[in-house]
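S.K.: okay, sequence plus prediction incoming.
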Amino acid sequence: MFQFLFKYPSAAFRKGQFVLLGKWPGWLLVAAIVAAAMGLGLLIRWKLRNAAPEVRNWRAWVIWGTQSAFVALVLLLLWQPAILVAELSSQQNIIAVVMDDSRSMSIADSGGKTREAAAVAALEGGVLAGLRQRFQTRLYRLGRELTPADGPQEITPVEPATRIGENLKRLATETSDLPVGAIVLLSDGGQNSAGGGSGISRDVL
């Protein structure tokens, strides 16, 4: 329901940035709200001089608070408040799919299926096709080096090591001028060689 009413899910708004689109500076809004509240306070105090004693109580302050809040809301709307949210643009952002091709991916798990086969099955089972329908997709092999691949079948678990951290940093550097929206990593995290990827162990599948 929230996404239907506001176009984006609530998580996008929680990560969004509050901005004022009006031409006037933000400090002027604060100054106007303070000035309006003080003006209303002085006006109510002046009118209470000749009011009955039973009127000079907390109700007058409630009226002042309500009026001040209403004026503040009107002033805020004049400054055109908005929330900036980030969203991946279809066929504009690039999704980098990085798949581990180290020897540890050839290990068969309890079900008898190798980790490499499970990763390829996940990609060919709809994940890669779904990404390509909405985004530009690039596939990479991850071992000692990071190399492009045309398809999952080109990836064979023969590399002796996986330099995850080092190669992901390299990928981020090489694509710094491209609209990369996300990096999808498929790895068992095993056999990390010394260097940038040492100490990284993360199961993705």
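M.R.: Okay, I see it. Numbering: from 1, shown residues only.

S.K.: give the other helices and strands that the helix or strand containing Leu40 contacts.
M.R.: If you go by DSSP states H and E, Leu40 is part of helix 26-47. Helices and strands touching helix 26-47, by 3 or more Cβ pairs under 8 Å, 6 or more residues apart in numbering; DSSP states H and E, are helix 58-78. All C-beta spots, glycine's among them, are computed from the backbone N, C-alpha and C.

S.K.: beyond the helix it packs on, next helix or strand please.
M.R.: Trace forward from helix 58-78 with DSSP H and E and the next one is strand 81-84.

S.K.: got the CA coordinates for that following strand in CSV?
M.R.: Extracted in CSV, the C-alpha atoms of strand 81-84 (Å, rounded to 0.1, in the frame of the first residue of the first chain):
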residue,chain,number,x,y,z
PRO,A,81,10.0,19.9,1.1
ALA,A,82,11.0,16.7,-0.7
ILE,A,83,12.9,13.5,-0.2
LEU,A,84,15.5,12.4,-2.7
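
S.K.: and that strand, what other elements does it pack with?
M.R.: By 3+ Cβ pairs under 8 Å, 6+ apart, strand 81-84 packs against strand 17-20.

S.K.: what's the strand it packs on packed up against?
M.R.: So strand 17-20, by 3+ Cβ pairs under 8 Å, 6+ apart, packs with strand 81-84.

S.K.: Provide the contact partners of the strand it packs on at residue level.
M.R.: Outside strand 81-84, the residues within contact range by Cβ atoms under 8 Å, 6 or more residues apart in numbering are Phe13, Gly16, Gln17, Phe18, Val19, Leu20, Leu21.

S.K.: now whichever helix or strand comes after it: how far from the chain's centre is it?
M.R.: On the C-terminal side of strand 81-84, the nearest following helix or strand under DSSP H and E is strand 94-100. The chain centre lies 18 Å from the centre of strand 94-100; the measure is Cα atoms, centre = their mean, to the nearest Å.

S.K.: could I get the contacts of strand 81-84 as TSV with distance to Arg45?
M.R.: Shown next, in TSV, are the contacts of strand 81-84 (distance: Cβ to Cβ, whole Å):
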residue	distance to Arg45
Phe13	40
Gly16	40
Gln17	39
Phe18	34
Val19	36
Leu20	32
Leu21	36
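
S.K.: hmm, Trp64 is touching Ile44, no?
M.R.: Yes: using Cβ atoms under 8 Å, Trp64 is in contact with Ile44, at 5.2 Å.

S.K.: domain-wise, how is this structure divided?
M.R.: For the chain, the TED database gives the domain ranges 1-84, 94-186.

S.K.: tell me the most buried of these?
M.R.: Across the domains of the chain, the average number of neighbours (mean count of other Cβ atoms under 10 Å) peaks for domain 94-186, which reaches a mean of 16.
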